[in-house]
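Enquirer: Just a sequence and a predicted model for now, questions to come.
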Amino acid sequence: MKKPAIISVLLLLLAGCENPSYPKLTLLTHEYPPLNFSVENDIRGQATEVVQTLMQRIGSKTDIHVMAWDQAYQTVLEQENTALFSTAMTPERKPQLQWVGPINTMDTNLYALKGTGLQIRTLDDAKSAGKIATVADYYSEQMLKKEGFSNLDSQPNEEAAIRKLLDGEVQLFISNNTVLPALLQKVGADMAQLETAFTVSTDLTYIAFSKSTPPALVAKWQQALDAMKRDGSFDRIYAKWLPEEIPPGILQMMTEEYPPITFLHEGRPAGFVTDMVREIAARLQYADNIRLTSWKNAYNMALLHPNVVLFSAERTPEREAQFQWVGPAGHNRSILYARKGADIKVNSLDEAKALKAIATTTDWFTEQYLKREGFSNLVSSKEPTENVRQLMNDEVQLSIFTDITIPEIAAEAGYNMADLHPVLTVSQTDFYIAFSKDTPPEVVEQWQLQLDKMKQDGSFERIYRNYLPEAEVDALLKTQ
């Protein structure tokens, strides 16, 4: 979010004023090119340059020491006034340290050759997109195996795996975005030959400070980093080292394939809630860094990291205390569907509980609702298209979907609405833009205010009707 130039200058002046009461920091990092690496005793890299710029702005003259990761991490846990970068935040690490960032986004992506036109919208799509080159025993390969992938072409090392893609022997290759440029250079290729087909998982890295470091000093570092993101200097450093990547902004905006609410269109996130988020971000001068990934990845990021925008999300009792909420951005009905022609009649939830099996999508609000109602006959799948397939193959008697998303899901699975029959409306709910719990409340309030203004100035209804022309929006136009 940009501010007038005079405010930015004042922030920088304040950041540069050395406070003699602050202790001297010990700064540690580890070899992880292109983020951090040593060349003839000179420490370089994207994260290193960001930290060096921050030290200049804050007025610190601390040296950076390169250590083995395990040793450096143990040091920051045990030694006061110590910071370690680049450190990925995990649920286990989060309460042990103080965090400034993010300074880097590490995506585990599926890559395709540029120009192939391969569109991967979900993990389910990737399972039928041809062969995927992986590296034997790497975490990324284990992750795909855990997700049920059977189309993996396991190779002994990264060089062999990337050559498989470059030679056209496989359709996809899984790798980390930060290490891929150096790998391509090794084999005489570059990032211009590839394109990201799908983001499987995302880690954000930070400058992690020891618990004993004065919180005011940690806050000073965060303020200086946010100022770098506002004035563009952070993005320039990021583009120098990772020119093909989207830098992490002050807010991280995450969504999934859930048309017509959110979906990928011509390589760019689209959908009526996506357009709303994009409009609010523009009005508040936040960078448009919307990422489309799996719901599980986006949801877990919002649970873990501060300043994550997750959309869209149903405001359920299970989620109420986990997030902060802006909305409502839309509403829908949850309906139990049967296969057309199946002789299934259900007049109540109790009757539905007596059926053998009902298909649900893992962690979706519809599944959470049925669990809350005491259902024990649920068959959970990670992708909603699998729910349609199970229904059409008589593996389950019913599947639960929302009325505005089922047409696209059915089409994606190779069917249409004529193949399905609505049996019972389970609930009518609103959905929202969710913010991670650690996001400053004043930021959430700004977003709610802008959404309310959109409802008043007509832009909300215009965006909504662009995707759903016949939708009833009167109830949604009421402001908070």
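Expert: Structure received. Numbering: from 1, shown residues only.
Enquirer: from here on, contacts and neighbour counts on C-alpha atoms
Expert: Will do.
Enquirer: Checking the closest residue to residue 349 other than its chain neighbours next. Helix, strand or coil?
Expert: Nearest residue to residue 349, sequence neighbours excluded (C-alpha to C-alpha, 6 or more residues apart in numbering): residue 426, at 7.6 Å. Going by DSSP: H, G, I helix; E, B strand; the rest coil, the secondary structure assigned to residue 426 is strand.
Enquirer: do you know how far residue 426 is from residue 337?
Expert: In this view, residue 426 and residue 337 are 11 Å apart by C-alpha to C-alpha, to the nearest Å.
Enquirer: now residue 194
Expert: Applying C-alpha to C-alpha, the value for residue 194 to residue 337 is 41 Å.
Enquirer: Please identify which of these two sits among more neighbours.
Expert: The neighbour comparison of residue 194 against residue 337 (other C-alpha atoms under 10 Å) goes to residue 337, with 24 against 19.
Enquirer: If that one is in a bridge, with which residues?
Expert: On the basis of DSSP bridges, residue 337 is bridged to residue 399, residue 422.
Enquirer: So it versus residue 352, what's the distance?
Expert: 11 Å.
Enquirer: likewise residue 61?
Expert: Note on residue 61: its distance to residue 352, by C-alpha to C-alpha, is 67 Å.
Enquirer: Strands of the stretch 351-480 of the chain, start to end?
Expert: In the stretch 351-480 of the chain, the strands defined using DSSP state E, counting those that start in this stretch lie at 358-361, 378-381, 398-402, 420-436.
Enquirer: which one of those is the most hemmed in?
Expert: strand 398-402 (a mean of 27; mean count of other C-alpha atoms under 10 Å).
Enquirer: Was I right to think residue 161 contacts residue 168?
Expert: No. The criterion here is C-alpha atoms under 8 Å, and residue 161 misses it with residue 168 at 11.2 Å.
Enquirer: Grab the nearest non-local neighbour of residue 217.
Expert: Nearest non-adjacent residue to residue 217, counting by C-alpha to C-alpha, 6+ apart: residue 22, 6.9 Å away.
Enquirer: Could you count how many residues lie near the one you found?
Expert: Residue 22, neighbours per other C-alpha under 10 Å, totals 12.
Enquirer: In terms of pLDDT, where does it sit?
Expert: As summarised for this prediction, residue 22 has a pLDDT of 80.
Enquirer: Hmm, residue 218 and it touching each other?
Expert: No. Residue 22 is beyond contact range of residue 218, at 10.3 Å (criterion: C-alpha under 8 Å).
Enquirer: the domain parsing of the chain - what is it?
Expert: 5-104+205-241, 106-202, 251-480 (automatic domain parsing).
Enquirer: to the chain's geometric centre, what's the distance from the first one?
Expert: Offset of domain 5-104+205-241 from its chain centre (C-alpha atoms, centre = their mean, to the nearest Å): 23 Å.
Enquirer: in the stretch 301-450 of the chain, which spans are helices?
Expert: Here the stretch 301-450 of the chain has its helices, by DSSP state H, counting those that start in this stretch, at 349-353, 365-372, 384-392, 406-412, 441-457.
Enquirer: How far away from the center of its chain is the shortest one?
Expert: Think helix 349-353. Helix 349-353 sits 35 Å away from the centroid of its parent chain (C-alpha atoms, centre = their mean).
Enquirer: Number the residues from 161 up from this point.
Expert: Right, with 161 as the first residue, what we last looked at is helix 509-513.
Enquirer: so after whichever strand or helix holds residue 187, what's the next helix or strand?
Expert: Using DSSP states H and E, residue 187 sits within strand 186-189. Sequence order places strand 197-199 as the next helix or strand after strand 186-189, per DSSP H and E.
Enquirer: what residues does that next one touch?
Expert: The contact list for strand 197-199 (C-alpha atoms under 8 Å, 6 or more residues apart in numbering) reads 190-191, 203-205.
Enquirer: So which of these wins on neighbours?
Expert: Result: residue 190 is most packed of the contacts of strand 197-199 (other C-alpha under 10 Å), 24 neighbours.
Enquirer: right, and it touches residue 196 too?
Expert: Yes. Counting by C-alpha under 8 Å, residue 190 touches residue 196, with 6.5 Å between them.
Enquirer: can you tell me which residues contact residue 452?
Expert: With contact taken as C-alpha under 8 Å, 6+ apart, residue 452 is in contact with 359, 414-417, 423-424, 429.
Enquirer: Recalculate using a threshold of 7 Å.
Expert: By C-alpha atoms under 7 Å, 6 or more residues apart in numbering, the contact list for residue 452 reads 414-417, 429.
Enquirer: do residue 331 as well
Expert: 272, 290-292, 325.
Enquirer: By neighbour count, which of those residues wins?
Expert: Among these, residue 292 has the most neighbours (other C-alpha under 10 Å), with 28 neighbours.
Enquirer: do you know how far it is from residue 330?
Expert: 6 Å.
Enquirer: hang on, the earlier thing: now, which of the contacts of residue 331 lie within helices?
Expert: Among these, the members found in helices (DSSP state H) are residue 325.
Enquirer: Redo the contacts of residue 331 as a markdown table? Include pLDDT and distance to residue 522.
Expert: Listed next are the contacts of residue 331 as a markdown table, based on pLDDT from 0 to 100; distance: C-alpha to C-alpha, whole Å:
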| residue | pLDDT | distance to residue 522 |
| --- | --- | --- |
| 272 | 97 | 27 |
| 290 | 95 | 25 |
| 291 | 98 | 26 |
| 292 | 98 | 24 |
| 325 | 98 | 32 |
